[in-house]
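Engineer: Pasting the sequence and the predicted model now:
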Amino acid sequence: MLVKTFSSAVHGIEATSITVEVHISTGTRYYIVGLPDNAIKESWQRIESAIASIGYRMPRQKIVVNLAPADIRKEGSAYDLSIALGILAASGQMNADRLADYLVLGELSLDGAIQPVKGALPVAIQAQQDGFAGIILPAVNAREAAAVQHIDVLPVNNLREIVAFFEEAEKIAPVKIDLDQEFLRHVNDYDVDFSDVKGQENIKRALEIAAAGGHNVILIGPPGAGKTMLAKRLPTILPPPSLQESLESTKIHSVAGQLHARASLMTTRPFRAPHHTISDVALVGGGSYPQPGEISLAHNGVLFLDELPEFKRAVLEVMRQPLESRQITISRARFSVDYPASFMLIAAMNPCPCGFYNHPEKTCICGSAVVQRYLSKISGPLLDRIDLHVEVTPVEFSELASTVKNEESSAIRARVVQARQVQEERFANSKAIHCNAQMGSKAVRERCRITEDGKQLLKNAMEKLGLSARAYDRILKVARTIADMESSTAIENHHLAEAIHFRSLDREHWSG
């Protein structure tokens with residue numbers, strides 16, 4: 001007898017519905033075909049034990065399982081449940097009438113319990129698009145999948161519940177969530193706030209500009225100056241994510257298995273801070289079975305690289321292309337996978353190995369050659385892609401001891417949101433551009449016009465600092481953002497001057 005059940009394969013961050021065909025005939029062997037990986041080939045022992053544990057029998061006949069389409073590689077243990085149901089239905093132990101209405105996924109334990117799986121959200125989205133009445137999956141993943149509307153999400157804890165459901169002996173209540181309420185309730189759930197930061201008003205100003213235009217930032221300063229503290233608070237002043245951005249981020253974290261148990265939507269912007277020992281594959285994604293890297297997990301949020309010169313040079317250089325294109329393509333001999341990577345980069349570094357080069361009070365013990373060698377660990381092309389270079393100086397005792405209440409993140413965010421709204425209106429006809437940092441060269445020429453005096457000011461800065469053409473565009477983008485924050489339609493000279501000021505690492509005194 002032939003029975004068909006349905007499951008799903010995740011490729012990149014998109015899912016493809018898979019037909020699981022089970023045929024039982026005369027014989028004694030078990031075959032599974034359709035490009036399964038080892039986890040699927042080993043499913044036989046898990047399925048046999050799970051079926052026996054709920055009081056059913058495993059057929060002692062020839063069983064052929066085909067995962068169609070057969071030219072797509074299938075990975076992971078999420079097919080256990082659909083294969084088990086197919087075997088029970090094909091052997092006449094279970095009613096098969098409603099199997100075609102549901103997409104089923106879950107890993108089986110030996111006692112019939114169902115373990116959580118990765119990628120529940122993209123699977124649910126695809127199931128809804130393919131017209132399934134519902135999706136049956138582990139209870140732990142149910143709230144994640146319930147973010148998809150107009151499809152029944154049925155949570156199950158063991159194989160016995162599912163068999164009883166298809167036998168119509170029991171009902172399973174679908175999980176429902178109020179998407180708008182869920183989204184709005186947690187949209188500002190941050191544990192940190194800019195009001196915690198004493199002093200550093202010029203750094204706060206730089207980060208506000210960065211947030212307003214989506215610009216990349218590098219913070220240079222001695223140990224203990226507050227670089228990490230400031231960086232961790234950047235997400236709190238970014239505009240709240242839209243529902244679409246929240247779904248995108250949740251899909252990526254779902255595929256990577258990074259969502260918390262029983263989580264639903266990611267309602268705050270991601271903040272990823274990998275250690276400097278990270279490999280290039282872990283940063284950009286890849287592996288034998290490609291997975292999203294840190295730059296994709298930071299999509300729609302912030303990627304923080306602390307102690308930037310300590311990262312391997314090869315690791316930093318692989319970020320150059322994603323910083324421009326805002327996506328990463330993982331290519332293999334037989335396929336390629338695209339992951340989104342639209343993130344804000346914020347990096348922090350000491351100015352030299354001892355950390356006190358250009359310190360106002362302490363003496364640097366590093367020679368000029370040592371400082372130059374330390375700074376040269378970061379390539380010019382990578383620095384060109386960072387819009388704001390910000391010098392962080394130590395906070396004075398009087399500021400640390402001050403009891404004056406500092407401005408809260410919510411007040412800063414309100415100004416950032418206002419500047420972003422100006423940019424949304426400006427780029428309303430462009431699907432690829434949402435903020436100033438995303439402008440290409442053509443858009444910069446059209447949207448960042450400056451006066452003759454401004455051109456002369458920028459020309460003098462270019463010649464003195466030896467800036468590249470890419471740095472020229474970056475200055476104009478930052479100046480455009482500063483003008484937007486002041487609700488100015490034109491880029492004035494003081495906007496340009498402030499943007500040029502944020503090119504610290506291009507200046508001569510940083511050459512060692």
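Structural biologist: Right, received. Where do you want to start?

Engineer: C-alpha from now on. contacts and neighbour counts both.
Structural biologist: Will do.

Engineer: Could you chop the protein up by domain?
Structural biologist: With domains defined by automatic domain parsing, the chain comprises 2-166, 185-510.

Engineer: which one of these is the most hemmed in?
Structural biologist: Compared across those, domain 2-166 shows the largest average neighbour count, a mean of 20 (mean count of other CA atoms under 10 Å).

Engineer: end-to-end on that one?
Structural biologist: One end of domain 2-166 sits 17 Å from the other (CA to CA, to the nearest Å).

Engineer: Check the offset of that domain from the chain's centre.
Structural biologist: Chain-centre distance of domain 2-166: 28 Å, with CA atoms, centre = their mean, to the nearest Å.

Engineer: what is the mean pLDDT for it?
Structural biologist: Mean per-residue pLDDT for domain 2-166: 95.

Engineer: pLDDT value on Ile482, please?
Structural biologist: So Ile482 comes in at 96 (pLDDT).

Engineer: Wait, a helix at it?
Structural biologist: Yes - applying DSSP: H, G, I helix; E, B strand; the rest coil, one finds Ile482 inside a helix.

Engineer: hang on, it packs against His494?
Structural biologist: No - under the criterion of CA atoms under 8 Å, Ile482 makes no contact with His494, lying 9.4 Å away.

Engineer: how close does Thr5 sit to Ala89?
Structural biologist: 9 Å.

Engineer: Please apply the same query to Arg57.
Structural biologist: When Arg57 is compared with Ala89 (using CA to CA), they lie 12 Å apart.

Engineer: can you check Ala314 too?
Structural biologist: For Ala314, the distance to Ala89 equals 53 Å [CA to CA].

Engineer: so what's Ala15 bridging to?
Structural biologist: Counting by DSSP bridges, Ala15 is bridged to Val10.

Engineer: got a list of what it touches?
Structural biologist: If you count contacts by CA atoms under 8 Å, 6 or more residues apart in numbering, Ala15 has them with Ser8, Ala9, Pro122, Val123, Gln126.

Engineer: Tell me which helix or strand Ile177 sits in.
Structural biologist: Following DSSP states H and E, one finds Ile177 outside all helices and strands.

Engineer: Quick check, central residue of this protein?
Structural biologist: Leu297 (2.5 Å; CA atoms, centre = their mean).

Engineer: Can I take it that Asp338 is in a helix?
Structural biologist: No - per three-state DSSP, Asp338 lies outside any helix segment and is strand.

Engineer: ok, it - contacts?
Structural biologist: Gly12, Gln327, Ile328, Thr329, Ile330.

Engineer: Also Glu408?
Structural biologist: Residues counted as contacts of Glu408 (CA under 8 Å, 6+ apart) are Asp193, Phe194, Ser195.

Engineer: Turn those into TSV, columns for distance to Asp130.
Structural biologist: Below are the contacts of Glu408 laid out as TSV (distance: CA to CA, whole Å):
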residue	distance to Asp130
Asp193	43
Phe194	46
Ser195	48
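
Engineer: Pick out whichever of those sits closest to Glu144.
Structural biologist: Among the contacts of Glu408, Asp193 lies closest to Glu144 (CA to CA), at 27.9 Å.

Engineer: Skipping adjacent residues, who's closest to that closest one in space?
Structural biologist: Spatial nearest neighbour of Asp193, excluding adjacent residues (CA to CA, 6 or more residues apart in numbering): Ser409 at 5.6 Å.

Engineer: Could I get the contacting residues of that neighbour?
Structural biologist: Neighbour list for Ser409: Asp193, Phe194, Ser195, Thr236, Ile237 [criterion: CA under 8 Å, 6+ apart].

Engineer: Put the alpha carbons of the helix or strand harbouring Lys464 into CSV.
Structural biologist: Per DSSP H and E, Lys464 falls inside helix 452-465. Coordinates of each C-alpha in helix 452-465 appear next as CSV, following Å, rounded to 0.1, in the frame of the first residue of the first chain:
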residue,chain,number,x,y,z
GLU,A,452,30.4,75.4,-4.0
ASP,A,453,31.8,76.4,-0.6
GLY,A,454,30.9,72.9,0.6
LYS,A,455,32.8,71.4,-2.4
GLN,A,456,35.9,73.4,-1.5
LEU,A,457,35.7,72.4,2.1
LEU,A,458,35.4,68.7,1.1
LYS,A,459,38.2,69.1,-1.5
ASN,A,460,40.6,70.5,1.2
ALA,A,461,39.7,67.6,3.6
MET,A,462,40.1,65.0,0.9
GLU,A,463,43.6,66.4,0.0
LYS,A,464,44.7,66.8,3.6
LEU,A,465,43.5,63.4,4.8
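
Engineer: Mind checking the pLDDT average for it?
Structural biologist: 88.

Engineer: name the helices or strands packed onto that helix?
Structural biologist: Counting contacts by 3 or more CA pairs under 8 Å, 6 or more residues apart in numbering; DSSP states H and E, helix 452-465 packs against helix 493-501.

Engineer: Convert the C-alpha atoms of the helix it packs on to PDB, please.
Structural biologist: The C-alpha trace of helix 493-501 is given here as PDB (Å, rounded to 0.1, in the frame of the first residue of the first chain):
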ATOM      1  CA  ASN A 493      28.900  73.600   5.600                       C
ATOM      2  CA  HIS A 494      28.600  72.800   9.300                       C
ATOM      3  CA  HIS A 495      26.900  69.500   8.400                       C
ATOM      4  CA  LEU A 496      29.900  68.600   6.200                       C
ATOM      5  CA  ALA A 497      32.400  69.800   8.800                       C
ATOM      6  CA  GLU A 498      30.900  67.500  11.500                       C
ATOM      7  CA  ALA A 499      30.900  64.600   9.000                       C
ATOM      8  CA  ILE A 500      34.500  65.200   8.200                       C
ATOM      9  CA  HIS A 501      35.300  65.300  11.900                       C
END
